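Trainee: Got a predicted model here, sequence first, then my questions.
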Amino acid sequence: MRTLLISLGVLVVIWVVAILALIVAGHRSKARELVTLIPHLVVLFRGLLRDPRVPRSTKLWIGFAIVWLVSPIDLVPEFVPVAGPLDDAIVAALVLRHVARRTDRRIVTEHWRGAPGTLDLILGAER
């Protein structure tokens, strides 16, 4: 439990630093998108897990990603600067890529609560 809390704390600090860097650089709208990204991804994953139109294999991958992200066991320990959170980010990115390839874009869009441009950036505008 302690490792999980430390991991979450490290991720929150990195997230806040990135948001502050965007604000200082004069990119307030991008900072706003980053502030809401995690909550929007949670809503997206929850909606996709409950949607009967989403393939079962995709739901299994989403479940795997959730378990991976909350698990205190990592390939690289979270306390290692920069590299620590990377394994979590890589797993999340790979699962999002799988979701984008296996699920109809309209279904994903229905469950996305953020800006459409952010979703295009995550999934790739070519889809």
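Mentor: Great, that's in hand. Numbering: from 1, shown residues only.
Trainee: rest of the way, CA atoms for contacts and neighbours
Mentor: Noted.
Trainee: can you tell me which residues contact Arg53?
Mentor: Residues near Arg53 by Cα atoms under 8 Å, 6 or more residues apart in numbering: Ile107.
Trainee: Same check on Gly47?
Mentor: With contacts defined as Cα under 8 Å, 6+ apart, Gly47 is in contact with His111.
Trainee: going forward, begin numbering at 7 instead of 1
Mentor: All set: I'll call the first residue 7, so the last point we hit is now Gly53.
Trainee: quick one: it and Thr124, what's the gap?
Mentor: Plainly put, Gly53 is 17 Å away from Thr124 if you go by Cα to Cα, to the nearest Å.
Trainee: swap in Arg52?
Mentor: Distance from Arg52 to Thr124, by Cα to Cα: 18 Å.
Trainee: mean confidence for stretch 113-125?
Mentor: The average of the pLDDT scores along stretch 113-125 is 86.
Trainee: How about residues contacting that stretch?
Mentor: Glu39, Thr42, Leu43, His46, Leu47, Val49, Leu50, Gly53, Leu54, Arg59, Val60, Ala106.
Trainee: The residues you listed into CSV, with extra columns for secondary structure, distance to Ala71 and pLDDT?
Mentor: Conversion of the contacts of stretch 113-125 to CSV gives the following (DSSP: H, G, I helix; E, B strand; the rest coil; distance: Cα to Cα, whole Å; pLDDT from 0 to 100):
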residue, secondary structure, distance to Ala71, pLDDT
Glu39, helix, 22, 74
Thr42, helix, 19, 75
Leu43, helix, 16, 74
His46, helix, 16, 80
Leu47, helix, 12, 79
Val49, helix, 14, 85
Leu50, helix, 13, 86
Gly53, helix, 15, 91
Leu54, helix, 13, 92
Arg59, coil, 19, 94
Val60, coil, 16, 93
Ala106, helix, 14, 81
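Trainee: buried subset of the residues you listed?
Mentor: Glu39, Leu43, His46, Leu47, Val49, Leu50, Gly53, Leu54, Val60, Ala106 (16 or more other Cα atoms under 10 Å).
Trainee: Mind picking the two most distant members of those residues?
Mentor: Using Cα to Cα, the buried ones among the contacts of stretch 113-125 span at most 25.8 Å, a distance reached by Glu39 and Val60.
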